[in-house]
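In: okay, here's the prediction I keep looking at, along with the sequence it came from:
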Amino acid sequence: MGRRTREEAEALREQIIDETLRQFADRGAAATSMGDLAKAVGLSKQGVMHYFPTKQHLHDAIRDRLKEVLDEALPSMVAAFTAHDAELDSVLEEFITLMERHRNLSRYLLRKVAFSDDEVEFSRSGEAIGSLLVDYIRRGQEEGALRQDFDPESALFHLGLLLLMGTATGGKRSATTSPEVSAEQLRLRRHRELVRITRAALLPPGTDVTTLKGRKPTV
């Protein structure tokens, strides 16, 4: 086999990162070996180590992938939070759609938060998105659009976990799911349920969370 072109080498590198995300999310980094990754992508162990000599290099690559995703998402997130006619639903849907689009990354983050003592490193874009969410919640509380009896930072953490869990498991069918329900129908069901649950947590008591959209606080 001839030497790979730069494009082929970059594509293979991305394939290794994709597989690493999947296996780290499935079983954790400690239980995933270089040999496991090599077998999955059709390389030798030495072939994988040519691109990523250690697991730390793989963790660094995932961190860079997360930064790229958040950098790319920041403009649309800013637009969702600052649009004068935006409502709570549109903000939630933007956030959920982002995590659905990168499900293995969501699964990796969920495992890291739930089962690891290591902190998740977010880029400036990630921190900016978090600040937008906290400010959005705080403005809603000040205007009476959102309930008053919770701390915005704590709410963001717990609702973030909820949304991560919902999107991380979104590709799986339960034993009670009818085979007639398509994957897209199932995704939309879960999507709507995540929005409903989150609205129930944020909107004032007595709000009909199944039909009434949440009002966005004035910017």
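Out: All right, it came through fine.
In: give me the distance between Leu98 and His191.
Out: Look at Leu98 and His191: by Cβ to Cβ, to the nearest Å, they are 12 Å apart. Where C-beta positions appear, they are placed from N, C-alpha and C, glycine not excepted.
In: tell me how far Leu98 lies from Pro152.
Out: Taking Cβ to Cβ, one finds Leu98 at 20 Å from Pro152.
In: show me how the protein divides into domains.
Out: Domain assignment for the chain by automatic domain parsing gives 1-53, 63-219.
In: need those in CSV with mean pLDDT, can you?
Out: Below are the domains of the chain laid out as CSV (pLDDT from 0 to 100):
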stretch, mean pLDDT
domain 1-53, 92
domain 63-219, 80
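In: mean neighbour count for those domains - can I get that in a markdown table?
Out: Formatted as a markdown table, the domains of the chain follow (neighbours: other Cβ atoms under 10 Å):
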| stretch | mean neighbour count |
| --- | --- |
| domain 1-53 | 15 |
| domain 63-219 | 15 |
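In: host element of Arg139?
Out: For Arg139, the element it lies in under DSSP states H and E is helix 124-143.
In: other SSEs contacting that helix?
Out: helix 55-82, helix 88-101, helix 152-168 (3 or more Cβ pairs under 8 Å, 6 or more residues apart in numbering; DSSP states H and E).
In: show me what contacts Ala30?
Out: Not one residue lies near Ala30 by Cβ atoms under 8 Å, 6 or more residues apart in numbering.
In: if I look at the residue nearest to Ala128 when sequence neighbours are not counted, how far off is Thr5?
Out: Using Cβ to Cβ, 6 or more residues apart in numbering and skipping the chain neighbours, the partner closest in space to Ala128 is Leu74 (6.2 Å). Per Cβ to Cβ, Leu74 is found 32 Å from Thr5.
In: got it, and Lys45?
Out: 23 Å.
In: same deal with Ile137?
Out: Using Cβ to Cβ, we find Ile137 at a distance of 49 Å from Thr5.
In: ok, Glu72 next?
Out: Per Cβ to Cβ, Glu72 is found 26 Å from Thr5.
In: pull the contacting residues for the residue nearest the centre of the chain.
Out: Nearest to the mean C-alpha position of the chain, counting by Cα atoms, centre = their mean, stands Met99 at 3.3 Å. Counting by Cβ under 8 Å, 6+ apart, Met99 touches 106, 163-164, 167-168.
In: and which of those residues is nearest to Gly28?
Out: Ranked by distance to Gly28 (Cβ to Cβ), those are led by Ala168 at 14.0 Å.
In: and what about the spatially closest residue to the closest one that is not a sequence neighbour, helix, strand or coil?
Out: For Ala168, ignoring the flanking residues on the chain, the nearest one in space by Cβ to Cβ, 6+ apart is Arg107 at 4.2 Å. Three-state assignment for Arg107 (DSSP: H, G, I helix; E, B strand; the rest coil): helix.
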